[in-house]
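**Q** model this:
(one chain, ligands or ions: 1)
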Amino acid sequence: MIVSNRLPVDHVSGEGKDAVWRTSPGGLVAALEPVMRERDGVWIGWPGMPDVELEPFKADGIELVPIPLSADEVRDYYEGFSNDTLWPLYHDVISTPAYHREWWEAYQRVNRRFADAALAVAAPNAIVWVHDYQLQLVPKMLRDARPDLIIGFFNHIPFPPYGIYSQLPWRRQIIDGLLGADVIGFQRVADAGNFARAVRRLHGYETRANLISVPLDETQAEMTLRHQATARRGQPVRTVLARPFPISIDAQEYQKLAADPYIRARAQEIRQELGNPRVLMLGVDRLDYTKGIRHRMKAFGELLEEGLISAEDVALVQVASPSRERVDAYAQLRDEVEITVSRINGDFSQLGHAAIHYLHQGYPREEMVALYLAADVMLVTALRDGMNLVAKEYVASRIDQDGVLILSEFAGASDELRQALLVNPHDIDGLKSAIVHAIRMPQRERMRRMRALRKRVLTHDVQRWSATFLDALVRADHHDPANHIDIPRRTVAPLDYGGD
Ligand code: G6P
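**A** Numbering: from 1, shown residues only. Okay, the predicted model is just below:
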């Protein structure tokens, strides 16, 4: 069973009972679809619109259970606590998180609704995989009600350092929620480390390597032990595995699209439509303040200003897909980006040669691959990003083994994609040098780097990711007492006694 904030569907047409939905072709769906079909899987999530009450339905062989959210819940749980509290907090407070008790109330209420829906359909000993920051309380809710379940959680976004995380007024409750899982997956080694540190600081639980020992009280122990073959003396604990599982993409699918003659022709056409610039640079992001869109524009604008590049020679296409538009920080960012684009274009565009082609739209995957194929330089300058799948999509699409990836060291992808030009997007001069380096890079070097990047992405795709996670989850089966009942050798006292 998968539990995620969004169902993997797009609304196609119609209202209420006549509504037509189509599965959205994300990587997660591609990776999980075969497993879900085979195992009679259920996917629980919100269909993405307020006040939509839908019966469970099947799409592409997967049973989907829609969870309704009222307009107030969308405001308080989704836009509020998820995207105006947790999102900025977990992304290094790039934007200031807002802490509102009514948002927290809504977050708990909605997490409970997701958990109840899962509990209503979970078979005995079912494997439940909960996704992302919107649903961090669900693992504990599931475990408290049903200790037989095998529970996984994957955090798609970063987990912040303790000094930042500790701002959260409900920091203990969130940690407790997550620790309900048997396996907690993070993108980076650093995220898993930050989480373990928060657990030590707030609870004093022992952590060893990737394992966290969570003491059980008597009732919990009894509940848990009922499902164990044996019990041991002393303080019983559950062991939670918390480690990195860097997510990826359906790399074969991108390769396939990149080989499609129509898409290849479209790539050529795109370059022509842009006036055949010598160098085409590309940015593709949700319009989000974590993505460093303004930083890359600053660098690009300065290069134009200094005459190191010209609009006739070098074009930048920036796809910024609309996102979370009713959250103030996003509306504000949109204004800032759009002012910057028009300033740069006003100052440096030439007739028939815009400096920046700004597209505030979403595109189908086919068009994205055509853009990737057309782009000489891909700019990923996130200030903080769990992984950044666009970087991997670009690499997988470059079956010609050409193209340069400029990649922020603050994106999780930089742990794996070491042959990219790694940048600190806050360092505008460094970013400018990287852009110039990318533009001037000889083909031999471009291909050497791209070959190495491709090797990584093609061997570490999303199918491997999900198989690795599920494998760890099944092995973490708490029906195996050898793995999951232990006596801590040492109990560390909590270091801090906050008001929570
Ligand atoms: C990030 C999050 C996802 C989220 C996506 C789109 O990738 O990790 O959980 O679904 O952004 O954001 P949205 O708010 O539109 O779901």
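
**Q** Can you pull the residues of the chain lying near the ligand?
**A** 5, 6, 132, 156, 157, 323, 324 (CB under 6 Å from any ligand atom). For every residue, glycine as well, the C-beta is placed using N, CA and C.

**Q** Buried subset of the residues you listed, written for ChimeraX?
**A** In ChimeraX, this line selects whichever of the residues of the chain next to the ligand come out buried by 16 or more other CB atoms under 10 Å:
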select :5,6,132,156,157,323,324
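
**Q** from the residues of the chain next to the ligand, which ones fall inside strands?
**A** Members of the residues of the chain next to the ligand lying in strands (criterion: DSSP state E): 5, 6.

**Q** my read is residue 419 is in a helix, agree?
**A** No: assessed with DSSP: H, G, I helix; E, B strand; the rest coil, residue 419 is coil; it does not lie in a helix.

**Q** so how far is the ligand from it?
**A** 25 Å (CB to the nearest ligand atom, to the nearest Å).

**Q** Can you name the residue of this protein nearest to the ligand?
**A** residue 156 (3.7 Å; CB to the nearest ligand atom).

**Q** Now render the residues of the chain next to the ligand as a markdown table, adding pLDDT.
**A** Rendered in a markdown table, the data for these read as follows (pLDDT from 0 to 100):
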| residue | pLDDT |
| --- | --- |
| 5 | 97 |
| 6 | 95 |
| 132 | 97 |
| 156 | 97 |
| 157 | 97 |
| 323 | 96 |
| 324 | 97 |
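
**Q** Excluding sequence neighbours, find me the nearest residue to the residue of the chain closest to the ligand.
**A** residue 132 (4.8 Å; CB to CB, 6 or more residues apart in numbering).

**Q** Correct me if wrong: that neighbour contacts residue 3.
**A** No: under the criterion of CB atoms under 8 Å, residue 132 makes no contact with residue 3, lying 9.6 Å away.

**Q** Show me the protein divided up by domain.
**A** Domains of the chain are assigned by automatic domain parsing as 2-247+464-483, 251-460.

**Q** is it true that residue 469 touches residue 154?
**A** Yes: with contact defined as CB under 8 Å, residue 469 reaches residue 154; the gap is 6.6 Å.

**Q** what's the overlap in contacts for the two?
**A** Residues touching both residue 469 and residue 154 (CB atoms under 8 Å, 6 or more residues apart in numbering): 129, 185, 245.

**Q** how about the last one, what does it touch?
**A** Neighbouring residues of residue 245 by CB under 8 Å, 6+ apart: 154, 185, 186, 187, 465, 468, 469, 472.

**Q** go again using 6 Å as the cut-off
**A** 185, 468, 469 (CB atoms under 6 Å, 6 or more residues apart in numbering).

**Q** Same list (the residues of the chain next to the ligand) but as a markdown table, adding distance to residue 67.
**A** What follows is the residues of the chain next to the ligand, written out as a markdown table (distance: CB to CB, whole Å):
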| residue | distance to residue 67 |
| --- | --- |
| 5 | 9 |
| 6 | 10 |
| 132 | 14 |
| 156 | 18 |
| 157 | 21 |
| 323 | 21 |
| 324 | 19 |
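
**Q** Closest to residue 351 out of the residues of the chain next to the ligand?
**A** residue 323 (32.6 Å; CB to CB).

**Q** Apart from its chain neighbours, what residue comes closest to the closest one?
**A** residue 286 (4.0 Å).

**Q** In the sheet, which residues pair with the one you found? Tell me.
**A** residue 321 (DSSP bridges).

**Q** What separation do you get for the residue of the chain closest to the ligand and residue 246?
**A** 11 Å (CB to CB, to the nearest Å).

**Q** just residue 259 next, same as before
**A** On the measure of CB to CB, residue 259 and residue 246 end up 26 Å apart.

**Q** Compare those two (neighbour count), which wins?
**A** residue 246 (20 against 12; other CB atoms under 10 Å).

**Q** Next, give phi and psi for the more buried one.
**A** phi -60, psi 120 (degrees, to the nearest 10).

**Q** what residues are up against it?
**A** So residue 246 contacts residue 187 (CB under 6 Å, 6+ apart).

**Q** Check residue 99 too.
**A** Here residue 99 is in contact with residue 169 (CB under 6 Å, 6+ apart).

**Q** do that again at 10 Å, thanks
**A** Neighbouring residues of residue 99 by CB atoms under 10 Å, 6 or more residues apart in numbering: 81, 84, 85, 89, 167, 168, 169, 170.

**Q** Residue 469 is in contact with residue 186, isn't it?
**A** No: counting by CB atoms under 10 Å, residue 469 sits too far from residue 186 to count as a contact (11.0 Å).

**Q** Neighbour count for those two, which is higher?
**A** Between residue 469 and residue 186, counted using other CB under 10 Å, residue 186 has the larger neighbour count: 27 against 19.

**Q** secondary structure class for the residue nearest to the more buried one when sequence neighbours are not counted?
**A** With sequence-adjacent residues excluded and distances taken as CB to CB, 6+ apart, residue 186 is closest to residue 192, at 4.4 Å. The three-state assignment at residue 192 reads helix, by three-state DSSP.

**Q** okay, residue 192: pLDDT?
**A** pLDDT recorded at residue 192 is 98.

**Q** Pretty sure it sits against residue 178.
**A** No: judged on CB under 10 Å, residue 192 makes no contact with residue 178 at a distance of 11.7 Å.

**Q** Can you pull the residues that touch both of these two?
**A** 155, 159, 184, 242.

**Q** Name the member of those with the most neighbours.
**A** Highest count within the shared contacts of residue 192 and residue 178 by other CB under 10 Å belongs to residue 184, 29 neighbours.

**Q** hey, what's that one bridged with?
**A** residue 153, residue 242.

**Q** pull the CA atoms of stretch 254-263 into CSV?
**A** Taking Å, rounded to 0.1, in the frame of the first residue of the first chain, the C-alpha atoms of stretch 254-263 are listed here in CSV:
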residue,chain,number,x,y,z
TYR,A,254,13.8,8.9,-21.0
GLN,A,255,16.3,7.1,-23.2
LYS,A,256,13.4,5.7,-25.2
LEU,A,257,11.8,9.1,-25.7
ALA,A,258,15.2,10.6,-26.6
ALA,A,259,15.5,8.1,-29.4
ASP,A,260,12.1,8.8,-30.8
PRO,A,261,12.5,10.5,-34.3
TYR,A,262,9.6,12.9,-33.6
ILE,A,263,11.1,14.1,-30.4
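
**Q** tell me how far it is from the chain's mean position?
**A** Relative to its parent chain, stretch 254-263 has a centroid offset of 25 Å by CA atoms, centre = their mean, to the nearest Å.

**Q** List of residues touching it?
**A** 27, 250, 264, 266-267, 365-373, 392-400, 454, 457-458, 461.
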